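Asks: Structure, please.
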Amino acid sequence: MKWYDKTFDQITTNELFDINLLRANVFNGEQKCITPDPDLMDKQAHHVFAIEDGKLAAYGRYFEEDDHASLGRVVVNPLFRGRGLGSQLVEHILAGIKQNYAGKPIIIHAQCYVKDLYARFGFKETGDIFFEAEREHITMTHPAL
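Replies: Residues are numbered from 1 along each chain as shown. I've put the predicted structure just below:
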C-alpha cells in the first residue's frame, strides 16, 4: 500500500475521479447524504490517500481555515475495511498538518459514530451535537502540532 499527500493541482484526473467516486459511494450512497460533494474546500485542501493494487483504499483531506487547521471527508473503501486503515489515514493526515500547518490548533466536525477514533488521537469534544449533511456531528479540537 502506498500513501500520498497531494495538493489539488498535483492530483491526476484518474485519482480525482477515484476520490470523487469513493466519496459519492460512501457519503451519498451508504450514508444517504444529499449535501453536494465535492465542495469548494477541495481546491485548497491537501488530499491524503492510499492505493493498493491500483485501487483507492482510503481517503481524507486537510486544510487551513481562518486561524486553525481542519480535516474531513475521512473514508475507507468498503473493500478495505477492517484493516485499521481509518487509524492509519488519520495518522497520515495529522503528519501532513504538522508539516504544513504547524502551530495551528485543529478543529473538526466529526460524525458522532467515529468520535472515538479521533479521541484516540487526542481530540476532545467541545460543544453539543449538531446536524451537518444529514448526520449527527460534534466539534472536536486538538492542540497545535
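Asks: for the record, mean pLDDT for the longest strand belonging to the chain?
Replies: Looking only at the chain and at elements set by DSSP state E, the strand with the highest residue count is strand 55-65. Confidence over strand 55-65, taken as the mean pLDDT, stands at 98.
Asks: Give me the contact list for that strand.
Replies: 1, 15, 18-19, 22-23, 41-42, 44-51, 69-77, 79-80, 85-86, 88-90, 92-93, 96-97, 100-101, 104, 107 (CB atoms under 8 Å, 6 or more residues apart in numbering). (C-beta placed from N, C-alpha, C; glycine too.)
Asks: try stretch 74-89
Replies: Counting contacts by CB under 8 Å, 6+ apart, the residues touching stretch 74-89 from outside are 3, 22-23, 25-27, 30, 48, 50, 52, 55-60, 90, 93, 114, 117, 120.
Asks: among the residues you listed, which ones are buried?
Replies: Burial by neighbour count, 16 or more other CB atoms under 10 Å: within the contacts of stretch 74-89 this picks out 22-23, 26-27, 48, 50, 56-60, 90, 93, 117.
Asks: Mind putting those into JSON lines with distance to Glu136?
Replies: Below are those laid out as JSON lines (distance: CB to CB, whole Å):
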{"residue": "Leu22", "distance to Glu136": "22"}
{"residue": "Arg23", "distance to Glu136": "19"}
{"residue": "Val26", "distance to Glu136": "17"}
{"residue": "Phe27", "distance to Glu136": "14"}
{"residue": "Val48", "distance to Glu136": "25"}
{"residue": "Ala50", "distance to Glu136": "27"}
{"residue": "Leu56", "distance to Glu136": "27"}
{"residue": "Ala57", "distance to Glu136": "26"}
{"residue": "Ala58", "distance to Glu136": "23"}
{"residue": "Tyr59", "distance to Glu136": "22"}
{"residue": "Gly60", "distance to Glu136": "19"}
{"residue": "Val90", "distance to Glu136": "19"}
{"residue": "Ile93", "distance to Glu136": "22"}
{"residue": "Leu117", "distance to Glu136": "15"}
